[in-house]
Structure formats: C-alpha cells, structure tokens
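1. Sequence first, predicted coordinates after that:
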Amino acid sequence: MTDLAMMPAHALVKLYKSRKASPVEATRAALARIDALNPQLNAFQHLDPDSALRAARASEKRWKKGGKRLSDIDGVPITIKDMVLTKGMPTRMGSLATDENGPWTVDSPVAQRLREAGTVLLGKTTSPEYGWKGVTDSRLFGATHNPWKIGRTSGGSSGGGVAAEAVGMGSLAIGTDGAGSVRIPCSFSGLFGFKPTQGRVPLWPPSAQGTLSHIGPMTRTVRDAAMMMNVIARYDARDAYARPDDEENFLKGFDKGVKGLRIAYSPNLGFVEKEKIDRDVAVAVEQAVRVFKTLGAKVVEDSPDLMGMDPRKILNAHWQSNVALLLKSYSPEKRELMDPGLLKAAEVGANLGQEAVVSAIHQRQQLSVILNNFMAKYDLLLTPTMPVTAFNVNEPAAWGGDGVDIGWTPFTLTFNLTRQPAGTIPCGLDRDGMPIGLQIVSAHARDALILRAAAAYERVRPIAAPPMAHQV
C-alpha cells in the first residue's frame, strides 16, 4: 500500500477520485504518524483526532457521490499554526499569558476557507510566543525540533507546521510570516513555503505586526501550494487590505516553465555582508541559479541599490515598536509569564522614540519603491532564503544572538517590508546534512509566477523527505 501520509495532496485527491484511497484512510495514516513521531518533534499544541475523522468521513461521502466535492483539496489532512484563530480549537499565541479557556467561537478567514473546502483539520501547530522569533519554542509548549536532526531548530515562527508537514503529520500546513516565519522554517526543514503578496490571503484578527504580516502555505510540493492558494486567496471583508477583485487561478500556466524569463540573481541583495553568508549556502544557491539557466531563463547577477538603507534596521524598528504596543495591553502579572526575550524586545521598542519609528515608516516606503523599480526590469529575483542553516534548538537566533535583533533573517524580512510575494524551495544540504533554501521573489501580485518558476525547478530537483519520514 502506498504511504498516504507522505503523498502530496494533489496525488492524494487523484486516489480519492479513482476510489483507490479515501480521506478516512489518509487521516488515519496522518494520525498514526503523529502518534509515532510527534513525541520526538513536539510539533503540535492541540490535536483533535475525533473531529478530524468526522470531517474525513463527511469528505469520503462526497467523493463517493462523484462530482460533489467542495474543492480540489477536499478530504486532505491539514494543520494550522497556533497564531491563526480557529473555531473550537485553542489559539494560544504560544503564550502562558493567554486564556486557556478561550472562547474559540470564530474562524479566521483562512480557517473558514479551509473548512468550506472540505479539508480535514488535524490540529494546531506550535509557535513561539506571538511569533516573536525565527525559531519555535515557548514556555507554554516547549521546543519544536527539526525533522532532519533532533536537537536542531525547525526554524520559526511557523516551525511546528513545517516539522509536522515534513514527516507526513498532515499533508498541508498553514503558517504566518511577519519577517520570514513561513520561509525560515521551510528553508531550515526542507519544504516549499510561500509568502503571498500582502493582503492576497486575508488575515484577521489583525496582526500586531500590521502589514508586515502575511499568511501562506507550507507544502511538500509546489503544486500543493498552488492548490491551497486557490482556496485561501479569496476576499474577506475582515481584512482591511484584502483584494476584492482577486479570483486568480494559481494553477493557470503552472507548467509553462521559465524559458525566456528575465531573472536577477542577487547573492547578497545589495546589503548582506559576505562573511555572514555560510559558504555551503552560497554554493548551493549559485548551483540552483545555474539550473534556471539550463531551463532557458535569462539570468543576470544584479542587486537593487538601496541608497544606503538597511532593511534590518527598518524592520527592527517596526517590529520592536509593535511588540511594545502589544505588551502594553497585558498586566504586569501577565507579563511575568512571558518569554524574557519578548519582554526585552518590547522594552527596546518602547524606548525607540517617535523620530526613529516614523523614519522607519518613511524608509519602508522608499525601500518599496526601489524594489518596485528593480522588479520592473525583471520577472523574478533569486537570493538565498537564509544566510545560515538550522542551528541548535532553544537558541533564539543565529550567531549567538538574543532574537531581539531580527537581522539574522535579512533576505526574508526585506520582502515583508515591501509586501512582495516570495517563496522558498530546497536547493541542497550543508556539510551536516541540513537543508538550504533558495528564495524566489517577484513583483506585487505576480504570485503565480513564483509558483510556476518553483515548479520548473522542482521538476528537475524534486523536494526530498527527511530521513525521519522513512522511520514509520
């Protein structure tokens, strides 16, 4: 019997259609993997097997009726990050300061769309407190490990969903991304991750990080991400920035390849110090870029001129001041329950001063214009996703940092500032056998082009599963 838990969603639904497998069988396979592997990985903050099996049985009936399915991913097992409000399941924001009793009576737009699509929600995955750092550990849920090597971080802040997805504890995963929180863990844990154009996938309740925040798919194949986008990238009035005219089919032109596309390759995005980029990362990304050339793309090395601005400083000012405002709403007693690093970030943000914050807002606009003009010359931009690979679990940042300065994620955070779509796809392993990611960026609303380009790369460099996935 084929291993349903590790099967891509698009292949799974073909089996449903031909009656060779059922949503109930796929859900049981995912739950069996959770029983076997989650004790090592700690990827879930909440599981609801009974509800999942009920949803799977309902989907099974729809598939048996033929033509009655709710979407192309009806019956596919899925996980949702702790930060995403989900009816009937706790949304704790990874924080002891939140109320364990809820109430959890409303679905966020993404959770609602996924339910309407007939997907099978297995549970909620771990996140650090309020997604404040690019790794996944919290006082509430403990640390989530990397599926490639126990003892290494899975990345963050969507690290639980990625760890689960990589080993078949769910066929699809939803993450959020305010400075790289979808792309960091996907880079560290060897998955495809996609941060859509800001507002393209509606986000509500509003994030404390405002328009820095995006929400998107984390998948084992690019096609699965495109299928998810067809479900979740639909208008919802609760997001002030949602796009009311958005009915794009993200599978249209999906298989067209990259021949003739104009692609810029920027090894350091014009500002990242060369010595901060791991040698194995630089080599793997360069080799991935050569693949695009062999596929017929017109690739040139070029970087935007940022006019002396440093996206790391701009992002830090936004992020730290936003955190300061968020924590003001908590009592001193509640704040004592919080991650000391989060409290430190809030303290830094509270002392930034009006001029620093407003200057960062203006610089963000300038940076966005620079990138808009740069992307007018190219269809796509290729960079490393992360300058490093996964480090030890329970460390808050790379290079011994405390996580308060989020500048160790320079390639990802830049495109949260500019609100552009950006994806990451695995492009090799480092000397320790840990995954490396290639970031693919395009202009606003050209999300489908990233998916198309990533799919072209994936066809010649398929995404590998971690060794742990074969232990079951």
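-> Done, it's in.

2. Determine which residue lies closest to the centroid of the protein.
-> With distances taken as CA atoms, centre = their mean, the chain has residue 182 as the residue nearest its mean C-alpha position (1.9 Å).

3. okay but it is in contact with residue 218, surely?
-> Yes: judged on CB atoms under 8 Å, residue 182 makes contact with residue 218 at a distance of 6.0 Å. C-beta here means a position set from N, CA and C on the backbone, and glycine is covered the same way.

4. Now for the two: what residues contact both?
-> 158, 175, 193, 194 (CB atoms under 8 Å, 6 or more residues apart in numbering).

5. chain center to stretch 264-280: distance?
-> 22 Å (CA atoms, centre = their mean, to the nearest Å).

6. Residues touching it, excluding its own?
-> The contact list for stretch 264-280, computed with CB under 8 Å, 6+ apart, reads 282, 285-286, 289, 299-306, 310-312, 374, 377-378, 380-384, 387-389, 399, 410-411, 414, 428, 430-431, 436.

7. Quick check: buried residues in it?
-> 264, 265, 266, 267, 268, 269, 270, 271, 272, 277, 278, 280 (16 or more other CB atoms under 10 Å).

8. Same check on stretch 128-139?
-> 128, 129, 130, 131, 132, 133, 134, 135, 136, 137, 138.

9. Mind exporting the C-alpha coordinates of that stretch to CSV?
-> Provided in CSV are the C-alpha atoms of stretch 128-139 (Å, rounded to 0.1, in the frame of the first residue of the first chain):
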residue,chain,number,x,y,z
PRO,A,128,6.9,30.9,19.8
GLU,A,129,5.1,33.5,21.8
TYR,A,130,3.3,35.8,19.5
GLY,A,131,5.6,34.6,16.7
TRP,A,132,8.3,36.9,18.1
LYS,A,133,11.4,35.0,16.9
GLY,A,134,12.5,32.9,14.0
VAL,A,135,12.7,29.6,16.0
THR,A,136,9.9,27.7,17.6
ASP,A,137,10.0,27.3,21.4
SER,A,138,7.9,28.7,24.2
ARG,A,139,7.3,28.5,27.9
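
10. Give me the mean pLDDT for that stretch.
-> Stretch 128-139 shows an average pLDDT of 98 in the prediction.

11. what's the nearest residue to residue 411 if we skip its chain neighbours?
-> Closest residue in space to residue 411, ignoring its immediate chain neighbours: residue 383 at 4.9 Å, by CB to CB, 6 or more residues apart in numbering.

12. What is the burial count for that neighbour?
-> Residue neighbour count, defined by other CB atoms under 10 Å, stands at 29 for residue 383.

13. Using JSON lines, lay out the shared contacts of residue 182 and residue 218 together with pLDDT, secondary structure and distance to residue 31.
-> Formatted as JSON lines, the shared contacts of residue 182 and residue 218 follow (pLDDT from 0 to 100; DSSP: H, G, I helix; E, B strand; the rest coil; distance: CB to CB, whole Å):
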{"residue": "158", "pLDDT": "98", "secondary structure": "coil", "distance to residue 31": "21"}
{"residue": "175", "pLDDT": "98", "secondary structure": "strand", "distance to residue 31": "21"}
{"residue": "193", "pLDDT": "98", "secondary structure": "strand", "distance to residue 31": "24"}
{"residue": "194", "pLDDT": "99", "secondary structure": "strand", "distance to residue 31": "26"}
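
14. Cool, thanks, signing off.
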